[in-house]
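In: below is the structure, and that's it, no one-letter string:
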């Protein structure tokens, strides 16, 4: 089973979500750790962030939530950005934050 490594700011953002949303995110990340491959509508590829990056797409009565992750590494899943989605299209600042945080986690590995 793969380990899940969270960027500290992604973990903080997820902790601000409702309990229902946090449980759903936890369940899905556990599935990813076991090797499950997620598809739409739960997950969507995000080449605008980086090759191999996907976003979890969680919705509840309070809104839409997104979590960027990279699951293609051999031994771990990187969870590096989480936010409440307020627009139809993912805003460029959120994509830029995702790129920066992914680089931070990947640089830590080296």
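Out: Thanks, I have the structure now. Since we're looking at a predicted model, the values are computed, not measured. Numbers count the residues shown, from 1 in each chain.
In: going by C-alpha atoms from here, please, whenever you check contacts or count neighbours.
Out: Noted.
In: where do the strands sit along the protein?
Out: For the chain, applying DSSP state E gives strands covering 3-6, 43-45, 53-60, 63-70, 76-85.
In: wait, which of the ones you listed is closest to residue 19?
Out: In terms of CA to CA, the element of those nearest to residue 19 is strand 53-60, at 10.8 Å.
In: quick one: list the elements packing against that closest one.
Out: Contact partners of strand 53-60 among helices and strands, from 3 or more CA pairs under 8 Å, 6 or more residues apart in numbering; DSSP states H and E: helix 19-33, strand 43-45, strand 63-70.
In: got the ones you listed as TSV, with distance to residue 105, mean pLDDT and mean neighbour count columns?
Out: Shown next, in TSV, are the helices and strands packed on strand 53-60 (distance: least, CA to CA, whole Å; pLDDT from 0 to 100; neighbours: other CA atoms under 10 Å):
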stretch	distance to residue 105	mean pLDDT	mean neighbour count
helix 19-33	17	96	16
strand 43-45	19	95	18
strand 63-70	11	96	20
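In: so which of these gets nearest residue 7?
Out: Once those are compared by CA to CA, strand 63-70 is nearest, at 10.1 Å.
In: just the residues contacting the closest one, thanks.
Out: Strand 63-70 has contacts (CA atoms under 8 Å, 6 or more residues apart in numbering) with 52-59, 77-86, 98.
In: quick check on the residues you listed: which are buried?
Out: Among these, those classed as buried by 16 or more other CA atoms under 10 Å are 53-59, 77-85, 98.
In: so where's this protein shaky on pLDDT?
Out: In the predicted model of the chain, residues 109-110 satisfy pLDDT under 70.
In: can you do 90?
Out: 37, 60-62, 72-74, 86-88, 108-110 (pLDDT under 90).
In: mind checking the longest helix of it?
Out: Longest helix in the chain, counting residues (DSSP state H): helix 92-109.
In: other SSEs contacting that helix?
Out: The contact analysis (3+ CA pairs under 8 Å, 6+ apart) places helix 92-109 against strand 76-85.
In: what does the strand it packs on contact?
Out: Outside strand 76-85, the residues that touch it by CA under 8 Å, 6+ apart are 2-7, 9-11, 13-14, 32-33, 63-71, 94, 97-98, 101-102, 105.
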